[in-house]
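Participant: everything below, folded, please.
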Amino acid sequence: MTTSEPLRPVSRTALSVALVRAYESARPDPLFDDPYAAAFAAAADVPLPAAGPAGGLAEALVAQGVLRTRFYDDRLLAAGADQVVLLAAGLDTRAHRLDWPAGTRVFELDLGPVLAFKERVLDRLGAEPRSRRTVLPADLLEPHWPARLAGAGFDPARPSAWLAEGLLVYLTPEEAAGLLTAVAALAAPGSRLLLEQGRDVTAVPHDPSLAHLTDLWRGGLGPGTRDWLDGHGWTTGLTTLEQLARRHARPLPGPSDAGFIEAVRRPGD
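Facilitator: The predicted structure follows:
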């Protein structure tokens, strides 16, 4: 990516996600259509893959990326909240590509350079959002982002929907707990939070071709993510990757213990 500021390595992972979405969108039977993903790759001078992923870990990550995109698309639209917050939004274009109910406000938070890159590409395409979109440069590891979000028009007294897609694995346990504590303070009862069930990253096999991603993994709250949320004011449900694969008739490259959490904020916590 070419920006006026250098991107942190973790921000560059947004391009890998865009490549997965471009690959899926080009299929004859896509689970979703992201018409902007290929443009991000082109703007970054990254060639689109001519074939599917090679290697067990790569195949597993692509399958997970595709199915989680569809799952989060569906659950965000079903959340019934007119305030949606995309944490570490990266090159996410849900504000533009989903059919949001009238009046939905979508807040996109991420570091300034990656958002600036995205805005330049979307502006060149003349992309128009299907929501009331607010782009907010913010470092989610700093303490001031909640106040900035409220200052941008977010109302913590009203239910909201939150997405932390592919985020927590790049954080330490302490950072992940701090971020989720901040979210909880902003989430009115009935609010929903979508994120991945954590994994033990030390057990992930090493693949040199994916080291630019996996070397950045810190594990977040790991397999205890759901337990942590249940103990901090949320009621959680889990949809496994294998359930989604069966639902959408997409065979997985192998067994998987991956899954996706949908948490509802309890009153009084």
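
Participant: switch to C-alpha atoms for all contacts and neighbour counts from now on
Facilitator: Fine.

Participant: from residue 250, how far out is residue 189?
Facilitator: 35 Å (CA to CA, to the nearest Å).

Participant: more neighbours: the two, which one.
Facilitator: Legend: neighbour count by other CA atoms under 10 Å for residue 189 and residue 250, higher for residue 189 (20 against 14).

Participant: what segments of the stretch 101-250 of the chain are strands?
Facilitator: Applying DSSP state E, counting those that start in this stretch to the stretch 101-250 of the chain gives strands spanning 105-110, 132-137, 161-164, 192-196, 234-240.

Participant: how about these in JSON lines, adding mean neighbour count and mean pLDDT?
Facilitator: Listed next are the strands of the stretch 101-250 of the chain as JSON lines, based on neighbours: other CA atoms under 10 Å; pLDDT from 0 to 100:
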{"stretch": "strand 105-110", "mean neighbour count": "23", "mean pLDDT": "98"}
{"stretch": "strand 132-137", "mean neighbour count": "17", "mean pLDDT": "98"}
{"stretch": "strand 161-164", "mean neighbour count": "22", "mean pLDDT": "98"}
{"stretch": "strand 192-196", "mean neighbour count": "24", "mean pLDDT": "98"}
{"stretch": "strand 234-240", "mean neighbour count": "17", "mean pLDDT": "98"}
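
Participant: low-confidence regions, the stretch 51-200 of the chain specifically.
Facilitator: For the stretch 51-200 of the chain, the stretches with pLDDT under 70 are 51-55.

Participant: the same query, at a cut-off of 90, please.
Facilitator: 51-58, 199-200 (pLDDT under 90).

Participant: what residues are up against the residue nearest the centre of the chain?
Facilitator: For the chain, residue 165 is the residue whose C-alpha lies nearest the centre (CA atoms, centre = their mean; 2.2 Å). For residue 165, the contact set (CA atoms under 8 Å, 6 or more residues apart in numbering) comprises 87, 88, 89, 194, 195, 196.

Participant: hmm, which two among those residues are most spread apart?
Facilitator: 89 and 196 (14.9 Å; CA to CA).

Participant: before we move on, the earlier item: how about the strands of the stretch 101-250 of the chain in TSV, adding distance to residue 266?
Facilitator: Shown next, in TSV, are the strands of the stretch 101-250 of the chain (distance: least, CA to CA, whole Å):
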stretch	distance to residue 266
strand 105-110	23
strand 132-137	27
strand 161-164	14
strand 192-196	10
strand 234-240	5
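
Participant: out of these, nearest to residue 209?
Facilitator: It's strand 192-196; of these, that one is closest to residue 209 (CA to CA) at 23.1 Å.

Participant: can you give me the angle the closest one makes with strand 234-240?
Facilitator: Interaxial angle, strand 192-196 versus strand 234-240 (axes from the mean of the first three to the mean of the last three CA atoms, to 10 degrees): 40 degrees.

Participant: for strand 192-196, packing partners?
Facilitator: strand 161-164, strand 259-265 (3 or more CA pairs under 8 Å, 6 or more residues apart in numbering; DSSP states H and E).

Participant: next, the angle strand 259-265 makes with that strand.
Facilitator: 160 degrees.

Participant: what does strand 192-196 contact?
Facilitator: Outside strand 192-196, the residues that reach it (CA under 8 Å, 6+ apart) are 72, 79, 159-166, 258-265.

Participant: could you redo the last one with a cut-off of 7 Å?
Facilitator: Identification of contacts with strand 192-196 by CA atoms under 7 Å, 6 or more residues apart in numbering yields 79, 160-166, 259-265.

Participant: now residue 171. Its backbone dihedrals?
Facilitator: phi -110, psi 150 (degrees, to the nearest 10).
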